[in-house]
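K.L.:
Need the 3D shape of this:
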Amino acid sequence: MPYVRSHTRKNGARVRAHFRKRRRRVVWRSTRRGGASRDSANGWGIALAVVVVLVLVSVVVDFVRRHPYLVGGLALVVGAAAVAVLITVSKQRARQRAEQAQRDRLIAVTDGMSGPEFEQWFARLLAASGFRGVRVRGGSGDRGADITAIAPDGRRVVVQCKRQSLNNRVGSAAIQRFAGTCRDIHGGEICMLVTNSHFTAGDGVRIARQLDITLVDRTALETWAWTRRPPTGSP
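P.N.:
Alright, predicted model coming up:
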């Protein structure tokens, strides 16, 4: 609505002017109101869920009181079914372990393995032979220690595995590298170099004997896998 306002100019003349009031814009903020609505809805939802749970519990309790023998019979049936499932699973796992152990007895299975698979295979052989704390460490940065374990006599065992093709023998360089890391770096009391192939004759084998490095080739490994007894000279 317009209103009249008078003022005096610089020359002394008094004039009157009409002005229109500016309306303030009112911004309604609904955040708080919306938040309150959501809180209220959540509260009602929780209350409804509590009521539903109480009703269900009441129904179950009432059913158990009315039919105790039926509920007991159902509990026995469910328990028997659970026991049967556990027994079946246990037998299946035992059969799988037995089949795996039988396969592990054959050295030929190693010919189709990768390096990591060969390490896992030999780790199982160590565990089956009475070694404790068997741990596979193979991978980048292992510095020659593929497997560590504790021998039956309590000494620390460090193993390097060489999965080779039958026509590819382990040379003296590999033996010398392992001899330089087994005890000084890994603290091995028993150092064992294992291959599913053979070792080349030469300085490597001679150094292994001088430094008490146990070399396990295909022939010795085959006997070990079948009998579960380490070869002569091993722990």
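
K.L.:
Contacts for stretch 143-153, please.
P.N.:
Stretch 143-153 is contacted from outside by 119, 122-123, 126, 130-138, 156-161, 177-178, 181-182, 185-186, 188, 190, 235, using CB atoms under 8 Å, 6 or more residues apart in numbering. Yep, even glycine has a C-beta here, placed from its N, CA and C like the rest.

K.L.:
Can you check the distance spanned by it, start to finish?
P.N.:
The first and last residues of stretch 143-153 sit 25 Å apart, counting by CA to CA, to the nearest Å.

K.L.:
ok, and for that stretch, which residues are buried?
P.N.:
G144, A145, D146, I147, T148, A149, I150, A151 (16 or more other CB atoms under 10 Å).

K.L.:
And stretch 171-190, by the same measure?
P.N.:
S172, A174, I175, F178, A179, T181, C182, R183, H186, G188, E189, I190.

K.L.:
any residues touching the helix or strand hosting the fifth one, and which ones?
P.N.:
A179 is part of helix 172-181 when elements are defined by DSSP states H and E. With CB under 8 Å, 6+ apart as the test, helix 172-181 has contacts from 143-145, 160, 162, 191, 193, 199-200, 202-205, 207-208, 211, 213, 215.

K.L.:
Provide a ChimeraX selection command restricted to the buried entries of those.
P.N.:
Burial among the contacts of helix 172-181 is assessed by 16+ other CB under 10 Å; the matching ChimeraX selection reads:
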select :144,145,160,162,191,193,199,204,205,208,213,215
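
K.L.:
now, which of the contacts of helix 172-181 lie within helices?
P.N.:
The helices, defined by DSSP state H, take in D203, G204, V205, I207, A208 from these.
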